[in-house]
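Asker: I need the structure of the sequence given here:
(chains A, B, C and D)
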2 protein chains.
Amino acid sequence: MPFPRKTIATEIESTGEAIQTEILRRICFLDYPPGKQLKEAELAAEFGVSRTPIRDAISRISHLGLVETRNGVGTVVVALSATQIRHVYDMRLELAPLIGTMSPRSITESDCEIGQELLQEAKALCKAFDSRKYIEINHRLHELITGLIGNGTLRSFWWQTYCQAASTWYLVSNQRDSEMALALDAELNEINAALDLGDVTAIGFIQRTHIGYGYQRIKSHLLSTERE
Amino acid sequence: MPFPRKTIATEIESTGEAIQTEILRRICFLDYPPGKQLKEAELAAEFGVSRTPIRDAISRISHLGLVETRNGVGTVVVALSATQIRHVYDMRLELAPLIGTMSPRSITESDCEIGQELLQEAKALCKAFDSRKYIEINHRLHELITGLIGNGTLRSFWWQTYCQAASTWYLVSNQRDSEMALALDAELNEINAALDLGDVTAIGFIQRTHIGYGYQRIKSHLLSTERE
DNA sequence: AACGCTTAAGCTGTACACAGGTGGGGAGTC
DNA sequence: GACTCCCCACCTGTGTACAGCTTAAGCGTT
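Answerer: Numbers count the residues shown, from 1 in each chain, chains lettered A, B, ... in the order given. Okay, the predicted model is just below:
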């Protein structure tokens, strides 16, 4: 199944898939913020290939609704509308509990190690907030959790909604440094407890809980920006 | 959001999107059965365009896992493995109840008319089964129901799982003519009752129920083919 | 000075040519 | 006759040139 698997397991990626993953990562990480214009020629030069594979990558990304290509104009990264964000979050709230109930993969030693590692980094983040680090920790946490999903379809959907939510979520996080760091620390504490117990079901519900918190933060942010 | 919306509302489709929709339809309808080799040059000639838009369309379809492209060999339509089918159906069982609960669109007069129309065709099908007609009725029923979904993300996911399940499902249906026709007739009776009451929630649960039935049929089929 | 038109620059969409890779069939040998 | 190896036909992957579209800037007119 699609890209999520490719990003998690280190498989042999074709050139096109690697480029797709990289561009999508840049969008999620706000390296390409909403409004940013992606020029095929520019990217082609950067990756050292022709426009063809770039076009292919962008075209495949477009189904997430994160970019919009118009003939003669260009390809721009778009911020999902408030309604779309609501839809994505509503969906994530429903998907999260399924992580643990739909034939999950069993937790390994290595999963626990990664969890601990992330927790340490989150603790460091509480002392000195760094937007970029916050994003990276969250991203790796999502890779870890997505890897626990045994159902390929759910895994794909889970990853898709993450990518759709990421950009907006990380944009909001910039304005609430310490609160976000503490929330992440708390989440990772819970996740690690569940990892040690080998309880994937719990992880699903923990995710559901914290997505709810994040949703609240984003909703209040959306309200305040809509007033302007 | 992606293709489902485009297939349902009659919007202005770009060339590439139209081709994508058409190829995907052919896969769902078993015009391109598993094993069929898709040659870019052939399709290009048929649609009267160059290979470029064809490649684009196939590339975007590939994320559903229904086709596999290997360099030097070609692009072949693949049958989803038993495990993948199980994953898709498990997911559909979870998604179905959400149709009515996640901000559905309200039912219009025109929806009811289409429902009645489909019911009549289903009744005709009971008297003289026609595999092709069975597929078409089901397809249009799915377009109708997908159109009732207000949440764009859910709509996209619902449509994706339908496409993934369709090919296998329709393959199985070939071997159980009358049983399938009767089941479809029963389903459409229930759907129409819910349509008349304007109860989208009911439609979600009806779908959930009948997907369960279909799942059973496919499971027994998978078991019998695995033995061979 | 303000408005409208024209033109050119720059982007994507498409066609086409070529490079790379794969598999099968035929010639040659044992 | 069977097996092996090589070559060629055919397909996808990539690069490149060109056509079409959009926008903005600059010029001319009022």
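Asker: mind checking how far the longest helix belonging to chain A is from the chain centre?
Answerer: Across chain A, the longest stretch assigned as helix under DSSP state H is helix A:200-227. Mean C-alpha position of helix A:200-227 versus that of the full chain (CA atoms, centre = their mean, to the nearest Å) differs by 14 Å.
Asker: now that helix: buried residues?
Answerer: Neighbour-count burial for helix A:200-227 flags A:200, A:202-208, A:210-211, A:214-215, A:217-218, A:221-222 (criterion: 16 or more other CB atoms under 10 Å in any protein chain shown). Bear in mind the C-beta positions are built from the backbone N, C-alpha and C, glycine included.
Asker: so what's the residue of chain A most remote from its centre scoring on pLDDT?
Answerer: Here chain A reaches farthest from its C-alpha mean at residue A:72, the gap being 30.6 Å by CA atoms, centre = their mean. Note for residue A:72: predicted pLDDT of 93.
Asker: how about the residues of chain A by chain B?
Answerer: A:1-3, A:16, A:55-56, A:59-60, A:63, A:65, A:83-84, A:87-88, A:90-91, A:94, A:98, A:102-103, A:151-154, A:157, A:161, A:164 (CB under 8 Å from any CB of the partner chain).
Asker: among the residues you listed, name the buried ones.
Answerer: Buried among the residues of chain A next to chain B (16+ other CB under 10 Å): A:1-3, A:16, A:55-56, A:59-60, A:63, A:65, A:84, A:87-88, A:90-91, A:94, A:98, A:102, A:151-154, A:157, A:161, A:164.
Asker: what parts of chain A come near DNA strand C?
Answerer: A:38-41, A:51-52, A:55, A:69-75 (CB under 7 Å from any atom of the strand).
Asker: residue ranges with poor pLDDT in chain A?
Answerer: Across chain A, the ranges flagged by pLDDT under 70 are A:1-12, A:226-228.
Asker: ok so, going back, nearest to chain B among the residues of chain A next to DNA strand C?
Answerer: residue A:55 (7.5 Å; CB to the nearest CB).
Asker: contact partners for that closest one?
Answerer: A:40, B:56 (CB atoms under 8 Å, 6 or more residues apart in numbering or on different chains).
Asker: try it again with 6 Å
Answerer: Neighbour list for residue A:55: residue A:40 [criterion: CB atoms under 6 Å, 6 or more residues apart in numbering or on different chains].
Asker: does the spatially closest residue to residue A:28 that is not a sequence neighbour belong to a helix, a strand or coil?
Answerer: Distance criterion CB to CB, 6 or more residues apart in numbering or on different chains; nearest residue to residue A:28, sequence neighbours excluded, is residue A:166 at 4.0 Å. Three-state assignment for residue A:166 (DSSP: H, G, I helix; E, B strand; the rest coil): helix.
Asker: give me the number of residues near residue A:166?
Answerer: 21 (other CB atoms under 10 Å in any protein chain shown).
Asker: A helix includes residue A:112, no?
Answerer: Yes. Per three-state DSSP, residue A:112 lies within a helix segment.
Asker: surely it meets residue A:197?
Answerer: No. Using CB atoms under 6 Å as the test, residue A:112 is too far from residue A:197 to be in contact (10.2 Å).
Asker: part of a helix, is residue A:85?
Answerer: Yes. Assessed with three-state DSSP, residue A:85 lies in a helix.
Asker: my read: it touches residue A:168, true?
Answerer: Yes. Residue A:85 is within contact range of residue A:168, at 5.5 Å (criterion: CB under 6 Å).
Asker: report the angle between the helix or strand residue A:156 falls within and helix A:200-227.
Answerer: Per DSSP states H and E, residue A:156 falls inside helix A:152-173. Helix A:152-173 and helix A:200-227 are oriented at 40 degrees to each other (axes from the mean of the first three to the mean of the last three CA atoms, to 10 degrees).
Asker: picking up where we left off before, helices or strands next to the longest helix of chain A in the packing?
Answerer: helix A:82-95, helix A:98-101, helix A:177-197 (3 or more CB pairs under 6 Å, 6 or more residues apart in numbering or on different chains; DSSP states H and E).
Asker: how about 7 Å then?
Answerer: helix A:82-95, helix A:98-101, helix A:131-148, helix A:152-173, helix A:177-197 (3 or more CB pairs under 7 Å, 6 or more residues apart in numbering or on different chains; DSSP states H and E).
Asker: DNA strand D: which of those is closest?
Answerer: Closest approach to DNA strand D among those (CB to the nearest atom of the strand): helix A:152-173, 20.5 Å.
Asker: quick check: angle from that closest one to helix B:82-95?
Answerer: Angular relation of helix A:152-173 and helix B:82-95 on a 0 to 180 degree scale: 50 degrees, by the same axes, to 10 degrees.
Asker: in JSON lines: the helices and strands packed on helix A:200-227, plus distance to DNA strand D.
Answerer: Formatted as JSON lines, these follow (distance: least, CB to the nearest atom of the strand, whole Å):
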{"stretch": "helix A:82-95", "distance to DNA strand D": "22"}
{"stretch": "helix A:98-101", "distance to DNA strand D": "32"}
{"stretch": "helix A:131-148", "distance to DNA strand D": "25"}
{"stretch": "helix A:152-173", "distance to DNA strand D": "21"}
{"stretch": "helix A:177-197", "distance to DNA strand D": "35"}
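Asker: okay, these, which one's buried deepest?
Answerer: With neighbours taken as mean count of other CB atoms under 10 Å in any protein chain shown, these reach their highest mean count in helix A:152-173, at a mean of 23.
Asker: next, the angle from that helix to helix A:177-197.
Answerer: 150 degrees.
Asker: picking that back up, which of the buried residues of helix A:200-227 lies closest to residue B:192?
Answerer: The nearest member of these to residue B:192, counting by CB to CB, is residue A:208 at 35.5 Å.
Asker: show me what contacts that closest one?
Answerer: Applying CB atoms under 7 Å, 6 or more residues apart in numbering or on different chains to residue A:208 gives the contacts A:93, A:96, A:97.
Asker: cool, residue A:51 as well?
Answerer: Residue A:51 neighbours (CB under 7 Å, 6+ apart): A:40, A:41, A:44.
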